[in-house]
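# I would like the atomic coordinates for the input below:
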Amino acid sequence: MGGLLCIAPALAFAQSAALGFGQSSTSSSEPIEMTSQTLEVSQTDGSALFIGDVLIIQGDLRLNADRVRLINKSVGTGIKRLEATGNVTLVSGPDAAQAQSATYTIDSNTIVMTGNVLVAQGPTTLSSDQMTIDIETGKASLSGNVRTILSNGIDE
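Predicted coordinates for the structure are as follows:
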């Protein structure tokens, strides 16, 4: 019976996990630096498409992807969201995550990573279908097929 009580927290964790992500908080008001191989700009809606070796830097956050679409709130009024696709990697301090795509919504200060999400935090690795990160608090939650190996801290 005692063994079942030890498993219950791990099963709850596997359904939806909450964790910290990043060394320190980043504010969405910090400047965003973007580099890429090419840039295409739409005159009709003011969106921009960064293609090839895209690197986005904001505070402690580093996001790499094959392509990133920048969507404006309206022409000349600021960034609404960034949509990254292809080989997406997000790094903040010692933590790193990979996924097929990521959407950074500026007003809500959230990054949602989807598609084979893999998170590395020191010796711990987690995987899931989706991870949502609040960039100001560093709080992250994983959902959908969450998997990890939990160490009990006892040397064998």
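# can you give me the strands for the protein?
Taking DSSP state E, the strands of the chain run over residues 16-20, 33-35, 38-41, 48-58, 61-72, 79-92, 95-105, 110-121, 124-134, 139-143, 147-148.
# what's in contact with the fourth one?
This points to strand 48-58. Contact with strand 48-58 is made by 26, 28, 30-42, 62-70, 82, 84, 104, as judged by C-beta atoms under 8 Å, 6 or more residues apart in numbering. (C-beta placed from N, C-alpha, C; glycine too.)
# so what's Thr124 scoring on pLDDT?
Among the per-residue scores, Thr124 holds a pLDDT of 84.
# hang on, the earlier thing: mind putting the strands of the chain in JSON lines, mean neighbour count included?
As requested, the strands of the chain are exported to JSON lines (neighbours: other C-beta atoms under 10 Å):
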{"stretch": "strand 16-20", "mean neighbour count": "15"}
{"stretch": "strand 33-35", "mean neighbour count": "12"}
{"stretch": "strand 38-41", "mean neighbour count": "12"}
{"stretch": "strand 48-58", "mean neighbour count": "18"}
{"stretch": "strand 61-72", "mean neighbour count": "19"}
{"stretch": "strand 79-92", "mean neighbour count": "19"}
{"stretch": "strand 95-105", "mean neighbour count": "20"}
{"stretch": "strand 110-121", "mean neighbour count": "19"}
{"stretch": "strand 124-134", "mean neighbour count": "19"}
{"stretch": "strand 139-143", "mean neighbour count": "20"}
{"stretch": "strand 147-148", "mean neighbour count": "15"}
